[in-house]
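Student: with the input below, show me the fold.
(one chain, ligands or ions: 1)
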Amino acid sequence: MSPSELHAADRTRWFTDARFGMFIHWGLYSLLGRGEWARYTEAIPPDEYHALADQFQPRYFDAAAWARLAKAAGMKYMVLTTKHHDGFCLFDSQYTDFTSDKTAAGRDFVAEYVAACRAEGLRVGFYFSVKDWDFPAYFDGPERNPEGWAKLVDHFHNQAKELLTNYGKIDIFWFDCSDDANFRGGWGDKTADVWRSQELVAWIRNAQPDILLNNRSGLPGDFSTPEQTIPHASQPGVFESCVTMTYKHWGYSPSDHYKDTWRLLDELTACVAAGGNYLLNVGPDPDGVIPLPACERLLQVGEWLRLHGEAIYATERVLPDWWDYFSGGRITTKGNNAYLILQLWTPTGVLSLNQLRNDVRRAVLLATGQELAVRREGRRLLIEGLPALPPALPFNVVKLELDGPAAPQFYY
Ligand code: GLC
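Tutor: You can find the predicted model right below:
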């Protein structure tokens, strides 16, 4: 490992241990209840959209309640949309009046959010959209309107610096949409130049040496950000899948359909078994309330993690692509332990595995602490004495204490 790779590994350690975070999309668009893209997809004229700020006075906004919920869900960090594509800032900015602080709400929600995360011991992330529909120059593009574009880029740099100067130590800066595929196909490998990202990233690394940056500035960053998908383990490097809890929207959209807890845990465990993080989104309503169906699911996931967190936090993938071969569930590892995350349950009391070459010293059902008998028959590892009915739902975990690091064996 080169010194810079080593430093990067140190920096990302807390992140890869954390495995699970809360994404929050909240802003003026929450008033409309049709997701976060409404300004653009409905071609809402600037004046009409700006007027929404007069109504944005969230009666029940309570950052501490959000942070407590994230913690109860077993999440270790949060990422809030400080500014989405619509340009409305949830923070006090000297570079625009289109902020929650200078309009009806009269509050710096980012400041309240940062304080709440810290109070709960959660790491603090700032989502920031590079793309900004509040700038006509954005729609002109850098070639047609170089002057307007330069102002937009300055605005981006100024606000990023503002956010990373005024709120103390920040753990993640989550750029979005620098390479805008919606904008005439995007800029590909020119993206970082178009936004002068090299310059800004150098400033950030100096100002906040421990901060993690995602890969959406046009530069590789500390982690990649597969969106609405859980990659296979062959993904190189550190990754964080960001995923909506409803089927489609990130911002508040009451008519969208919620995934069930089984599905959320399926996604979480798939991510972790592939060696990645799971950033699960909620879209609070215009009053600042996280909708009850989201609370219900988060609390259920948290309950599951209280019994089975050992199989999730600070674990690693066993081998690239290997988890996919274990159809009954997923496998993670930590030190000399392997964790079988079982999605299938049979009343036979016996689990037969063809995935590990190791000798097993001890097998324990995590939910109850019950010790299980283990024996090997050739390739087959037999775990016996499981109860007829599953002690926990939706998934159970069998912890195997091995004779050494997990040594996978393939079917062929
Ligand atoms: C996309 C969307 C955006 C959402 C984001 C989350 O970039 O434009 O609405 O915030 O993905 O990853």
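Student: ok, and the closest non-adjacent residue to the residue of the stretch 301-412 of the chain found nearest the ligand?
Tutor: For the stretch 301-412 of the chain, the residue closest to the ligand is Val301, as judged by C-beta to the nearest ligand atom, at 19.9 Å. Every residue, glycine included, has its C-beta placed from N, CA and C. Spatial nearest neighbour of Val301, chain neighbours left out: Ala73 (5.3 Å); criterion: C-beta to C-beta, 6 or more residues apart in numbering.
Student: just checking, the one you found touches Glu296?
Tutor: No - using C-beta atoms under 8 Å, Ala73 is not in contact with Glu296; the gap is 10.8 Å.
Student: higher neighbour count, these two?
Tutor: Here Ala73 and Glu296 are compared on neighbour count by other C-beta atoms under 10 Å; more neighbours surround Ala73, at 24 against 12.
Student: tell me the SS of Lys399?
Tutor: Following DSSP: H, G, I helix; E, B strand; the rest coil, the label given to Lys399 is strand.
Student: next one: Ala367
Tutor: Assignment for Ala367 (three-state DSSP): coil.
Student: please name the residues that touch it.
Tutor: By C-beta atoms under 8 Å, 6 or more residues apart in numbering, the contact set of Ala367 is Leu307, His308, Pro391, Ala392, Asn396, Val397.
Student: do that again at 7 Å, thanks
Tutor: Leu307, Pro391, Ala392, Asn396 (C-beta atoms under 7 Å, 6 or more residues apart in numbering).
Student: chain center to the strand or helix carrying Val114: distance?
Tutor: When elements are defined using DSSP states H and E, Val114 is found to belong to helix 109-119. With C-alpha atoms, centre = their mean, to the nearest Å as the basis, helix 109-119 stands 18 Å off its chain's centre.
Student: which strands or helices does the following helix or strand past it pack on?
Tutor: Under the assignment DSSP H and E, the closest C-terminal helix or strand after helix 109-119 is strand 123-129. Packed against strand 123-129 by the contact rule (3 or more C-beta pairs under 7 Å, 6 or more residues apart in numbering; DSSP states H and E) you find strand 77-83, helix 109-119, helix 146-166, strand 172-176.
Student: adjacent strands (with direction) for strand 123-129?
Tutor: strand 77-83 (parallel), strand 172-176 (parallel) (DSSP bridges).
Student: that one and the ligand in contact?
Tutor: No - using C-beta under 6 Å from any ligand atom, strand 123-129 stays clear of the ligand, with a minimum separation of 6.9 Å.
Student: can you give the contact residues for that strand?
Tutor: Contacts for strand 123-129 (C-beta under 7 Å, 6+ apart): 14, 18, 76-85, 114, 117-118, 160, 163, 170-177.
Student: which among those end up buried?
Tutor: 18, 76-85, 114, 117, 160, 163, 170-177 (16 or more other C-beta atoms under 10 Å).
Student: how many other residues sit next to Asp10?
Tutor: Going by other C-beta under 10 Å, the residues that sit close to Asp10 add up to 10.
Student: any idea how far stretch 41-50 is from the middle of the chain?
Tutor: 29 Å.
Student: that stretch and the ligand, are they touching?
Tutor: No - using C-beta under 6 Å from any ligand atom, stretch 41-50 stays clear of the ligand, with a minimum separation of 10.7 Å.
Student: next, the residue of the stretch 301-412 of the chain closest to the ligand: secondary structure please.
Tutor: helix.
Student: my guess is it meets Ala72, correct?
Tutor: No - in this structure, Val301 is not within contact of Ala72 by C-beta atoms under 7 Å, at 9.4 Å.
Student: quick one: name the residues of the stretch 51-200 of the chain near the ligand.
Tutor: Asp176, Cys177.
Student: with the stretch 301-412 of the chain instead?
Tutor: Counting by C-beta under 6 Å from any ligand atom, no residue of the stretch 301-412 of the chain is near the ligand.
Student: low-confidence ranges, the stretch 301-412 of the chain, go.
Tutor: Scanning the stretch 301-412 of the chain for pLDDT under 70 picks out the ranges 319-327, 411-412.
Student: one more: the stretch 101-250 of the chain?
Tutor: 181-185, 233-234.
Student: tell me where this protein has strands.
Tutor: Taking DSSP state E as the test, the strands found in the chain are 20-24, 77-83, 123-129, 172-176, 212-213, 240-244, 277-282, 329-334, 337-342, 350-353, 360-365, 370-377, 380-384, 396-402.
Student: how near is the residue most central in space within the chain to Pro226?
Tutor: In the chain, the centroid-proximal residue (C-alpha atoms, centre = their mean) is Leu279; its distance is 1.7 Å. Distance of Leu279 to Pro226, given as C-beta to C-beta, to the nearest Å: 10 Å.
Student: need the residues touching each of those two.
Tutor: By C-beta under 7 Å, 6+ apart, the residues touching both Leu279 and Pro226 are Ser241.
Student: ok so, going back, show me what the helix holding Val114 packs onto, helices and strands only.
Tutor: helix 63-72, strand 77-83, strand 123-129.
Student: most tightly surrounded among these?
Tutor: Each of the helices and strands packed on helix 109-119 was scored by mean neighbour count; the highest is strand 77-83, a mean of 26, by mean count of other C-beta atoms under 10 Å.
Student: residues in contact with that one?
Tutor: Under C-beta under 7 Å, 6+ apart, the answer for strand 77-83 is 18, 21-27, 67, 70, 89-91, 110, 113, 117, 122-129, 159, 163, 171-172, 174, 279.
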